[in-house]
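1. what follows is a predicted structure for the sequence shown.
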Amino acid sequence: MGVTARRNGAHSAVTVLPAGSRESPGAGPEQDQAADAYATAADWCGLHPDDLPDGLLVADHEGRVICFNAAAARITALRPQDVLGLPVERALPLEDLEGRRWWALTDPYGGLAIRAGQPERNLLLPGGREVLVAARYVRERPTGPVRRLVVTLRGTDARRRTERSHAELIATVAHELRSPLTSVKGFTATLLAKWERFSDDQKKLMLETVDADANRVTRLIAELLDISRIDSGRLEVRRQPVDLAAAVQRHVDAHVAAGQRPDRFSVRVGQPLPALWADPDKIDQVLGNLLENAVRHGEGTVTIEVGPSYAGASYASGARWSTGTAVTVSDEGAGIPEESMSRVFTRFWRGSKRGGTGLGLYIVKGIVEAHGGTIAVGRAAGGGAEFRFVLPVGAPAFMA
């Protein structure tokens, strides 16, 4: 039988097959050296194969399995004692998506001597379940024979979630683009074909509609670019002095000019506000999104509070020191259900069926965090939704 490696005095799930085992006919001293090498590496860096998040399979110079960790057992639903000592093609009979036997195709031990391994790809386990497999060929010298075959195994759940998210994004974009583009195409075609038949007022109305729909498409494209930059960590923040109270008032005035009642908004500014260096365009984007959500999905008075965010206080003097500027936007509507609060800042979350792409709050969170700030959602005192974000104080590095 294979021996179970010990870690901290207890038996581990990973099994490394020693040389001379009856389960490994034909095993030689190289296999024993491989097992010793793994034990030495584990002792040296404090890492055990079972500590790895991915599945690990190691075969010796003859292609027989000498290591099979717990993650590999979980992913493949195979028991280590049933795998160790077997030829790798029997222990793990993989097929590609066209039904061809993968080990015969790749031929790790008999193929080109210049190959270093196989890139990760989707393969099929017995029973048709997909798994992500990558291989590394370990040689003692370049173009020498393969002394060890190291195979990593990963489940496909994370990739499927990513692919599903991308598919949802594409579907959402297609849906959101279709309506304004159809309108733009219809009005422009009509104007071109029957320009003389319309009055100036009719022409103006149609062109205003085209302009509004073009702005809608522009905003959607800007959202997609922001998502791309946030996901890739490339969202640039161009810091300048920002008067946050004035920025809030501008957005409130814009909503009033668009038809909202002035008494729908309550702005409270605490003093003294610390100096804020931030990207003014992106802060406008954050404020615009939060206020639009409160107006569209909330009810009653929309309250915007701006003030310093305090980290602590001195017990001797009672003085408090500010670490940033906090903005709270709340309404008096039904609020966000408790079970939905953990999903508010994810893609495609919608608080109601009143339109929107469901991307705004995801972008808001990305912008705030790109500034080194934090954002949270909760329930307001009046029962509605409350969003609070804090931006840290401090000047840009070039002014330090």
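-> In hand now; what should we look at? Numbering: from 1, shown residues only.
2. which residues in this protein form helices?
-> Using DSSP state H, the helices of the chain run over 29-45, 70-76, 80-83, 88-91, 102-106, 157-193, 200-232, 244-257, 280-297, 360-370.
3. report the buried residues of the fourth one.
-> Spelled out, it's helix 88-91. Buried residues in helix 88-91, defined by neighbour count with 16 or more other CB atoms under 10 Å: 88, 91. Heads up, the C-betas are built off the backbone N, CA and C, glycines and all.
4. mind giving me the packing neighbours of it?
-> Helix 88-91 is packed against strand 55-59, strand 65-68, helix 102-106, with contacts defined by 3 or more CB pairs under 8 Å, 6 or more residues apart in numbering; DSSP states H and E.
5. what's in contact with it?
-> If you take CB atoms under 8 Å, 6 or more residues apart in numbering as the criterion, helix 88-91 is touched by 57, 59, 63-65, 68, 78, 83-84, 101, 103-104, 108, 149, 151.
6. hmm, 7 Å instead?
-> By CB atoms under 7 Å, 6 or more residues apart in numbering, the surrounding residues in contact with helix 88-91 are 59, 63, 65, 83, 103, 149.
7. let me know the closest of those to residue 202.
-> Checking these against residue 202 with CB to CB, the nearest one is residue 103 at 72.0 Å.
8. chain neighbours aside, what residue packs nearest to that closest one?
-> residue 89 (4.1 Å; CB to CB, 6 or more residues apart in numbering).
9. kindly report the same for residue 190.
-> Residue 190 sits nearest to residue 206 (CB to CB, 6+ apart), 7.2 Å away.
10. could you give the number of residues near that neighbour?
-> 17 (other CB atoms under 10 Å).
11. and the pLDDT at it?
-> For residue 206, the model assigns a pLDDT of 91.
12. check the gap between the one residue sitting closest to the centre of the chain and residue 359 for me.
-> For the chain, the residue nearest the mean C-alpha position is residue 231 (6.2 Å; CA atoms, centre = their mean). Computed as CB to CB, to the nearest Å, the residue 231 to residue 359 distance reads 12 Å.
13. ok, residue 131 next?
-> For residue 131, the distance to residue 359 - CB to CB - is 32 Å.
14. cool, and residue 272?
-> Using CB to CB, we find residue 272 at a distance of 36 Å from residue 359.
15. next one: residue 196
-> Applying CB to CB, the value for residue 196 to residue 359 is 42 Å.
16. just want to know which of the two has more residues nearby.
-> With neighbours defined as other CB under 10 Å, residue 196 and residue 359 compare such that residue 359 has more, 23 against 4.
17. any idea how many residues pack against the residue lying closest to that one once chain neighbours are set aside?
-> Spatial nearest neighbour of residue 359, excluding adjacent residues (CB to CB, 6+ apart): residue 223 at 5.1 Å. Residue 223 has 19 neighbours, counted by other CB under 10 Å.
18. quick one on the thing from earlier: format the helices of the chain as a markdown table; extra columns: distance to residue 383.
-> Formatted as a markdown table, the helices of the chain follow (distance: least, CB to CB, whole Å):
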| stretch | distance to residue 383 |
| --- | --- |
| helix 29-45 | 54 |
| helix 70-76 | 46 |
| helix 80-83 | 56 |
| helix 88-91 | 61 |
| helix 102-106 | 59 |
| helix 157-193 | 30 |
| helix 200-232 | 30 |
| helix 244-257 | 21 |
| helix 280-297 | 13 |
| helix 360-370 | 20 |
